[in-house]
Structures are given as C-alpha cells and as structure tokens.
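Got a predicted structure here, sequence first:
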Amino acid sequence: MSLDSVLVIGGGAWGTALAQAAAMAGRTVRLVVRDASQVDEINTSHTNQRYLGEQILHQAVSASMQATPADIIILAVPAQSSRAALGALNPALLAHRPVVLSAKGLETGTLDRQSEILLDMAPDAIPYVLSGPSFAADVAAGRPTAVTLAGDDADQTSALAAALAGPSFRPYASDDRIGVEIAGALKNVYALACGAVDGAGLGASARSALIARAYAEMARMVKAMGGSATTLTGLAGLGDLTLTCTSVQSRNYQFGMALGRGQTVAQIIASGAKLAEGVATTPVADALAKSLDVDAPLIAAMHAVLSGDANIATVVAGLMARPLKRED
Ligand SMILES: NC(=O)C1=CN([C@@H]2O[C@H](COP(=O)(O)OP(=O)(O)OC[C@H]3O[C@@H](n4cnc5c(N)ncnc54)[C@H](OP(=O)(O)O)[C@@H]3O)[C@@H](O)[C@H]2O)C=CC1
Ligand SMILES: O=C(CO)COP(=O)(O)O
C-alpha cells in the first residue's frame, strides 16, 4: 500500500505540528482547517499564527477546508470533537485507510477511547494511535522528538512509522493500542494534579510522589482495560507522564497550577485557558475506574477538585490518611 500522501484533520497546534513532521518525513500533506483565512495564511505565508506563532511551515504542507483522498489520515482535533470531525468526512476517505488517532482523551458519555470512536464511525478504517512526549512547538520546530505509534499489525505499523519518521521525529512501533491510548488520556489527569500540587506550593517531593503513584495507578487501569503495563515503561507512559507533569509548557499542568492557586474551573476557562484535555477526561476516567473496580484514588481526587466537591488541601489530607500498604 502506498504511504505517500497525508491528510491531517484539524489545524490546531498538534494537527499543524504533525503536518509539519509528515512533510519533513517526505510526505505530501494536506491540512484540513475550518477557517478560510487560516487556509490563506497557511498557503501563502506558510504560518499558522494562532496556534504556532512565527513557525514557518514546510512547503509540502498545504491547507484547505475540504478533505481530499490520501494514503494516510491523521485525526488531530480535541478528544471530545473526534466523533463530530469523523462524522463530517466522506466515509470513503477512511475506508481501508490507516487512520492515526492523535487526541489524548476519553469521550464524555460513552467513555470511549479514540479508536473505539473511530471503529464506531468508520468500521472499515485501520486504527493507529500516536502518543508520547511531544509538544507541538517542539515537533513543528524540528526539535528531536520520539513517540509511540501503536497498531494491530506489526509489519504495517512499522511501515507507517517509517513513513512518518524524519530526522527529528522518531515513532517507535507498538502493538498495544489500548495501553497507549489509556496512557495518553490519563497522563493529562495527572498533569492537572501535578500542576495543582505546584500551584498550591506543596513541594517537589509531593510532586514526585504523585508521579510515582500515578504511574502505579495508570498500570492498574491499563491492565484492567486489557492493555499491557509494560507499555508504560515507554514513551507513551513514563515519557509523556514525566513531560506533562513537570513542564509549565503543558496546558494541563498550567490549568492545574491555576486550580492549585485557588481559582475555580469556571474562572480558569473564563480567563481564556487553552485546551486542557484532562478536564473532560477526569470524570470519564473516574467512571471507568469505578466500573472496572480499579483502585484509582488520584483520579477520584482530581474529579472531586474539578467538580468543586473538595479543595486541594482536603484531597491531599485524604490521600495521606489512606491505610498504609505495600508498594505495588
Ligand atoms: N498541542 C500539543 O502539544 C499536543 C496535543 N495533543 C493532542 O492533540 C489533540 C488536539 O490538541 P491541539 O491541536 O493542541 O488543540 P488546539 O486547541 O490547538 O486545536 C484544536 C483544533 O481542532 C479543531 N477542531 C475542533 N473541533 C473540531 C471539529 N469538530 N471538526 C474539525 N476541527 C475541529 C480546531 O479548529 P478551530 O481552530 O477552527 O477551532 C483547532 O484547529 C488533543 O487531544 C491534545 O491532547 C497531543 C500531543 C501534543
Ligand atoms: O500531550 C502533550 C505533550 O506530550 C501536550 O500536553 P498539553 O495538552 O498538556 O499541553
């Protein structure tokens, strides 16, 4: 199967960065955006100022408002918009095509992972999940980045990874779609929590304890959902967890910091906060944990803070007062 052309759905920070990475890998890329002036800007100035500032985009990236046939489809809209974005596409574009899912989140209401949404909307599509420590600005600027690309067929996944790999973008192939998706979604919940710990001034020791216990919790969730805990030792797990839990560049971490400083969710959103996927994913993750009978006190605590049922001090006191146990 030819893997020359790429269609990226979603001209935000991540869609544009992935378009840039694919172009640097030698692919011809069409970026589908919703705004005519954004089409003009990308095609004439080769920038996407709103999402990537002054970053110059590769000549092989062009934009349009219409989706056109391509060998590889990359979906790069927020997790809660994936179903609508897929629904707006001609199903023939997706049938028997590799569709790379790059959103990191679980769907409100259905509790679906991104690949479950895809298979619901386009049962003939071939799902792949891309995740890992990768800020859009870094990828677009050509700074070295490594990610995980998970798919069901090992040979086809390796071929797709090779088609997307460039001098500064290195996808590692995996066969654990579930583990990669859960890791990508949950790290945003923990990034909110780490931001909150830092915003509340609880100290670097608390934040590191949180990251370590988050890793253990994430492993329980991945295993309960049928993924492999080993996946978490890699880029999509440890790599992205540490990146987003320790970097002010992360929008989820920033949102958490504002919570830790005492702002409410409504106040943070009203102040113009950027997309923080963990806010929508946290209640979904809590519901999933409860339905699977997984012990997930950190997700539950974050849910309580986001819903306004508890403040940071109360949930931290509750976590510290849990019965002592052996480390697992
Ligand atoms: N930014 C990053 O560093 C990374 C982001 N991700 C993930 O990528 C996903 C997208 O994030 P990101 O690009 O940063 O978000 P942004 O907020 O930067 O951009 C979102 C984009 O999605 C578009 N969009 C929203 N709804 C729809 C829809 N229904 N149909 C078509 N397009 C739509 C928006 O269009 P419009 O501009 O017209 O509103 C916008 O272009 C998230 O799940 C995030 O976790 C993953 C790794 C890195
Ligand atoms: O997923 C990301 C980096 O890997 C981006 O994180 P934020 O969405 O928190 O900015």
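Nice, thanks for sending it over. Ligands and ions are numbered 1, 2, ... in the order given.

where along the stretch 51-200 of the chain do the strands fall?
Counting by DSSP state E, counting those that start in this stretch, the stretch 51-200 of the chain forms strands over residues 61-64, 72-75, 98-101, 126-131, 145-151, 169-174, given from the N-terminal end onward.

can you list contacts of the last one?
What that stands for is strand 169-174. When contacts are taken as CB atoms under 8 Å, 6 or more residues apart in numbering, the neighbours of strand 169-174 outside the stretch itself are 21, 24-25, 130, 139, 144-151, 154, 157-158, 160-161, 164-165, 180, 231, 234-236. Every residue, glycine included, has its C-beta placed from N, CA and C.

list the contacts for the residue of the stretch 201-328 of the chain found nearest ligand 1?
Of the stretch 201-328 of the chain, the residue with the smallest distance to ligand 1, taken as CB to the nearest ligand atom, is L275 at 3.9 Å. Applying CB under 8 Å, 6+ apart to L275 gives the contacts G12, P78, R251.

can we see that at 7 Å?
Under the criterion of CB atoms under 7 Å, 6 or more residues apart in numbering, the neighbours of L275 are P78, R251.

quick one: I117 and A84 touch, right?
No. Here I117 does not reach A84: they are 10.1 Å apart, not a contact under CB atoms under 7 Å.

tell me, how many neighbours does R220 end up with?
Counted with other CB atoms under 10 Å, the burial measure for R220 works out to 16 neighbours.

Hmm, I typed the wrong one, I wanted A206.
Around A206 there are 17 other residues, counting by other CB under 10 Å.

Contacts only, for it.
Under the criterion of CB under 7 Å, 6+ apart, the neighbours of A206 are V197.

Would you mark the buried spots in the helix or strand hosting it?
Counting by DSSP states H and E, the element that carries A206 is helix 204-224. Applying a neighbour-count criterion of 16 or more other CB atoms under 10 Å, one finds 206-207, 210-211, 213-215, 217-224 buried in helix 204-224.

In a helix, the residue of the stretch 201-328 of the chain closest to ligand 1, correct?
No. The assignment for L275 by DSSP: H, G, I helix; E, B strand; the rest coil gives coil, which leaves it out of any helix.

and the stretch 151-300 of the chain, which residues reach ligand 2?
Taking CB under 6 Å from any ligand atom as the criterion, the neighbours of ligand 2 within the stretch 151-300 of the chain are N188, A191, D240, L243, T244, S250, R251, N252, E277.

Ligand 1 next: which of those residues are close?
The overlap between those and the neighbourhood of ligand 1 (criterion: CB under 6 Å from any ligand atom) consists of E277.

for the residues of the stretch 151-300 of the chain next to ligand 2, which one is nearest A317?
The shortest gap between A317 and any of those belongs to A191, at 21.9 Å (CB to CB).

Could you tell me the single residue of the protein that sits nearest to ligand 1?
The minimum distance from the chain to ligand 1, using CB to the nearest ligand atom, falls at G12 (1.7 Å).

what's the neighbour count on that residue?
G12 is surrounded by 20 other residues when neighbours are defined as other CB under 10 Å.

What are the phi and psi values at it?
When quoted as degrees, to the nearest 10, the phi and psi of G12 stand at phi -80, psi -160.

Spatially nearest residue to it (excluding sequence neighbours)?
Setting aside the residues directly before and after it, G12 is nearest to Y51 in space (CB to CB, 6 or more residues apart in numbering), at 5.2 Å.

I figured that neighbour hits T16, correct?
Yes. With contact defined as CB under 7 Å, Y51 reaches T16; the gap is 5.7 Å.

So for those two, which sits in the more crowded spot?
For the pair Y51 and T16, the greater number of neighbours falls to T16 (29 against 20), based on other CB under 10 Å.

next one: phi and psi at the nearest residue to the more buried one once chain neighbours are set aside?
Across the structure, with CB to CB, 6+ apart as the measure, the residue nearest T16 apart from its sequence neighbours is N48 (4.7 Å). Summarising the backbone geometry of N48 under the convention degrees, to the nearest 10, its torsions are phi -140, psi 70.

Touching, N48 and G11? I think so.
Yes. In this structure, N48 is within contact of G11 by CB under 7 Å, at 6.3 Å.

what residues does this structure put near ligand 1?
For the chain, the residues in contact with ligand 1 under the definition CB under 6 Å from any ligand atom are 10-15, 34-35, 51, 76-79, 81, 84-85, 102-105, 134-136, 275, 277.

on that earlier part again, okay, I117 and A84: which has more neighbours?
Under the criterion of other CB under 10 Å, the comparison of I117 against A84 puts I117 first, with 23 against 10.

Please tell me the pLDDT value assigned to that one.
Among the per-residue scores, I117 holds a pLDDT of 98.

residues in contact with it?
With contact set as CB under 7 Å, 6+ apart, I117 has these partners: S82, R83, L86, E107.
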